[in-house]
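Peer 1: pasting the sequence and the predicted coordinates here, then a few questions.
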Amino acid sequence: MCGIFGGSGKLDKDVLTSIGCQSESRGMDSSGLAWLDNLKQSILVSKVVERGSVAFPLLLEKEVHKASEASCMIGHTRMASTGKVSIKNAHPFFMDDIVFAHNGIITNYMKFGKAECDSVCLIKGIKDKNFEPFEGSVALVWIEKGKLNAYRKGNPLFRGRKNDGLYLASEKSILARVGCKKIKELTEGMIYTFNKTQIVQTVKIKENNVSYCIGTQEKWWKEYETHAFGVGFIPETHKEEDAEIKNLGLDYFMKDGKRYYGRMPSEEETQLEKEYHALAQINSSPGSNGRIHSMTDAEWERNGGV
């Protein structure tokens, strides 16, 4: 499970930061974003091996600002499944003048060549406008020919509007929290192309096969979603799931007899997370100027707010 998001039209920096921070709940191994440079008509990509609540408001703050001034952008928070945690395997990927980010797992990715990360093979589906050869779940956002595009089959993806901007996110609640209206889930099996806040094209294409989710894989995935992010569980009572998750090579730490998956945050990171977690709660009331609920004006200015 990963978090993907995107935007088109007149975008708001604080909204993008909030969506990125909220998407951390879907993946904490790395964060990244890409945007279209309007002047040079080129695509720029920036990635870090860090959780979203640290990456987007701090490490990638300047890049988020640049992305908000672009005509379209995409972003990603990764939960590593295939491929180690690294900049190379962090999304978005830029290939053949297309930049894309994926949420899902492709089980037959080795069929399409050698790649450490399964998501890389999806460039073929994007270029061919055909995902039938792929087995697994797919939710995709990408920039191609200066336009924001999206597709899903097997994984969620929602769209919503705020002011003169269109936003995409993996969860409906993420868009609702930043004040988006007219929130709808994208129809499965359709490629959507956006220009500013409008859908300029929808194309029905051949879909990926998601039947792999049936049976034990589905049971494992439900357990993984329940326990992998900050909720500890006793290994002895979840032996099967514990073994399968360990096989993925995820870091873990023990606390009070329970196993927590992920890297133990440092004291500095814990403090940063407390300070910036409020970025997921933008005040949408009139006259708020996007200020954060739990920070005073002085703290907001100190942390780079305007």
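Peer 2: Good, I have the coordinates.
Peer 1: give me the buried positions along stretch 191-200.
Peer 2: Ile191, Tyr192, Thr193, Phe194, Asn195, Thr197 (16 or more other C-beta atoms under 10 Å). Yep, even glycine has a C-beta here, placed from its N, CA and C like the rest.
Peer 1: same check, this time on stretch 140-156
Peer 2: Within stretch 140-156, the residues scored as buried using 16+ other C-beta under 10 Å are 140-144, 147-156.
Peer 1: can you name the two of those residues that sit furthest apart?
Peer 2: Lys147 and Gly154 (23.7 Å; C-beta to C-beta).
Peer 1: so which of the buried residues of stretch 140-156 are in strands?
Peer 2: Leu140, Val141, Trp142, Ile143, Glu144, Lys147, Leu148, Asn149, Ala150, Tyr151, Arg152, Lys153 (DSSP state E).
Peer 1: closest to Asn108 out of these?
Peer 2: Lys153 (14.9 Å).
Peer 1: the closest one and Glu135 touch, don't they?
Peer 2: No - judged on C-beta atoms under 8 Å, Lys153 makes no contact with Glu135 at a distance of 11.3 Å.
Peer 1: shared neighbours of these two, anything?
Peer 2: Asn208, Val210 (C-beta atoms under 8 Å, 6 or more residues apart in numbering).
Peer 1: just checking, what packs against the host helix or strand of Ala34?
Peer 2: Assessed by DSSP states H and E, Ala34 sits inside strand 30-37. For strand 30-37, the packing partners by 3 or more C-beta pairs under 8 Å, 6 or more residues apart in numbering; DSSP states H and E come out as strand 42-48, helix 61-68, strand 72-78, strand 98-103, strand 138-144.
Peer 1: what residues go with each domain of the protein?
Peer 2: Using automatic domain parsing, the domain ranges for the chain come out as 3-204, 214-261.
Peer 1: got CSV for these, with mean pLDDT too?
Peer 2: Listed next are those as CSV, based on pLDDT from 0 to 100:
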stretch, mean pLDDT
domain 3-204, 95
domain 214-261, 49
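Peer 1: pick the most deeply packed of those.
Peer 2: Mean neighbour count, computed with mean count of other C-beta atoms under 10 Å, is highest for domain 3-204 among these, reaching a mean of 20.
Peer 1: okay, how far is it across that domain, tip to tip?
Peer 2: One end of domain 3-204 to the other measures 24 Å (C-alpha to C-alpha, to the nearest Å).
Peer 1: again with stretch 98-109
Peer 2: 19 Å.
Peer 1: any idea what Gly154 is bridged to?
Peer 2: Val138 (DSSP bridges).
Peer 1: wait, it touches Val138, no?
Peer 2: Yes - judged on C-beta under 8 Å, Gly154 makes contact with Val138 at a distance of 6.0 Å.
Peer 1: so what sits against both of these two?
Peer 2: Counting by C-beta under 8 Å, 6+ apart, the residues touching both Gly154 and Val138 are Gly104, Asn208.
Peer 1: ok so, going back, need the helices and strands packed on strand 30-37 in CSV (columns: distance to Glu116).
Peer 2: Formatted as CSV, those follow (distance: least, C-beta to C-beta, whole Å):
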stretch, distance to Glu116
strand 42-48, 15
helix 61-68, 24
strand 72-78, 13
strand 98-103, 14
strand 138-144, 19
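Peer 1: quick one, which of the ones you listed is nearest to Lys84?
Peer 2: strand 72-78 (11.2 Å).
Peer 1: show me what the closest one is packed against.
Peer 2: Contacting strand 72-78 under the criterion 3+ C-beta pairs under 8 Å, 6+ apart are the following elements: strand 3-9, helix 13-22, strand 30-37, strand 98-103, strand 138-144, strand 147-153.
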